[in-house]
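J.: give me coordinates for this.
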Amino acid sequence: MGYMGFGMRKEVYTRKPKTAFEKVKKLYDQEFKKNGKNYTYQHCDPETLGRICKKVRQQKKKLIFIQLSIFVVLAIAFVLITSAFFINQNYTPKTIIKATKPNFKTVTYWLDSNRTLKIEYYKFGPRCAVTNYKNDLKHQNTESYYQSGEQFRSAVYFYDTLVTEVYFYRNGDTIKNFPTLTDDKVYHIKSALPNSSRIAEFDFYDGKIVKDSYFEASVKQ
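T.: Numbering: from 1, shown residues only. Down below sits the predicted model:
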């Protein structure tokens, strides 16, 4: 005996549905595909249908405008937050510059069997770095200086591993988040001076400031 009513078409039931809801859904999907018509607004007159289409277009334009506005606001917020982060960290991104490796005059002193002292000087100028080596150059303590004499960097190495490294402004304040740089390139560094509207700029090479490269300038408003 065949199915009655809505279930007269056996071909729908290729296998026994799990629930009664799935039976109805399968029948509905098949009848909809067979008919191939969309009954949305089928009984609307042309004037009403035109008003509906116009309203839909307006809503789409409004949605696009809202999405673009949100995107612009988020983009501006991202730029402002990023700028504020770098300003608060007193550091602007590093820039590699094309330049020949600076020439420093180096003098080495052998203090005893376990200690060696290396002093580097700006060319025709004052000292720029002092390095104490221990145990046949295995460990070292290095300090470098501004051309005007203030300490710029202090670093301690254990074998070839950097243990600690600190950079200082000329007034003695610590430069926060100074970037990690390689020793084989010349970098141009910009750093906002603390509690000031000025920035310091200089070329940096191998832990030292390149001669005659340091200067301070007002931040452009």
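J.: which stretches in this structure count as helices?
T.: Under the criterion DSSP state H, helices of the chain are mapped to 20-35, 46-88.
J.: which intervals of the protein have sub-threshold pLDDT?
T.: 1-52, 82-100, 220-221 (pLDDT under 70).
J.: ok, which stretches of it are strands?
T.: 95-96, 105-110, 115-121, 127-134, 139-145, 151-158, 161-167, 187-192, 198-205, 208-209, 215-218 (DSSP state E).
J.: redo those strands as a markdown table? Include mean neighbour count and distance to Ile70.
T.: Every C-beta, even on glycine, is put in place using the N, C-alpha and C of the backbone. Shown next, in a markdown table, are the strands of the chain (neighbours: other C-beta atoms under 10 Å; distance: least, C-beta to C-beta, whole Å):
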| stretch | mean neighbour count | distance to Ile70 |
| --- | --- | --- |
| strand 95-96 | 10 | 34 |
| strand 105-110 | 10 | 59 |
| strand 115-121 | 16 | 55 |
| strand 127-134 | 18 | 52 |
| strand 139-145 | 18 | 49 |
| strand 151-158 | 17 | 46 |
| strand 161-167 | 13 | 41 |
| strand 187-192 | 18 | 32 |
| strand 198-205 | 18 | 34 |
| strand 208-209 | 22 | 46 |
| strand 215-218 | 10 | 37 |
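J.: now render those strands as a markdown table, adding distance to Leu181.
T.: Formatted as a markdown table, these follow (distance: least, C-beta to C-beta, whole Å):
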| stretch | distance to Leu181 |
| --- | --- |
| strand 95-96 | 9 |
| strand 105-110 | 20 |
| strand 115-121 | 17 |
| strand 127-134 | 15 |
| strand 139-145 | 13 |
| strand 151-158 | 11 |
| strand 161-167 | 11 |
| strand 187-192 | 6 |
| strand 198-205 | 7 |
| strand 208-209 | 11 |
| strand 215-218 | 20 |
